[in-house]
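Novice: give me coordinates for this.
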Amino acid sequence: MPRTRGEALLAGLLSSWAFVALAGCAGAALIAWRVDRRVRRTEEALASYAGGAMSTRLPLTGSGDELDRMALAVNAVLERVAALVETIRQVTTDAAHDLKTPITRLRHRLAEAEKQSER
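Specialist: Alright, predicted model coming up:
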């Protein structure tokens, strides 16, 4: 059955629309999948950091997009936090070392005082 020009135009328009809609949905699904994968890797890296792996950093793709720029900023914060924790650890170690001798002397004096009070 021959088609009129209007029917052929409508059929072409509908098939084009269906193709564009299908391609758009496929593209959106691909983009969503990639973003979800990157966000999941980011969550895993942050969970690892929170678990004590202070050397963990967020992954970068090198694309320079918004997620990469955010990861760079977060990595800078994680680096600063790790440096501060290391500083606190060093200060604590130094303080414990510096107090070791005075505490030992005090312990000996208390032991001597206790012996003298028992006499």
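
Novice: what's the burial count for residue 58?
Specialist: 21 (other Cβ atoms under 10 Å). Just so you know, the C-beta spots here come from the backbone N, C-alpha and C atoms, and that holds for glycine as well.

Novice: regarding it, what is its secondary structure?
Specialist: Assigned by DSSP: H, G, I helix; E, B strand; the rest coil, the conformation of residue 58 is coil.

Novice: next, name the residue at the spatial heart of the protein.
Specialist: By Cα atoms, centre = their mean, the chain has its centre lying nearest to residue 46, at 3.2 Å.

Novice: okay but it is in contact with residue 53, surely?
Specialist: No: applying Cβ atoms under 8 Å as the test, residue 46 and residue 53 come out as separate, 10.4 Å apart.

Novice: what does stretch 49-57 contact?
Specialist: With contacts defined as Cβ atoms under 8 Å, 6 or more residues apart in numbering, stretch 49-57 is touched by 45, 48, 75, 78-79, 81-82, 85.

Novice: run the last query once more with 6 Å
Specialist: With Cβ atoms under 6 Å, 6 or more residues apart in numbering as the test, stretch 49-57 has contacts from 45, 48, 75, 82.

Novice: between the two ends of it, how far is it?
Specialist: 8 Å (Cα to Cα, to the nearest Å).
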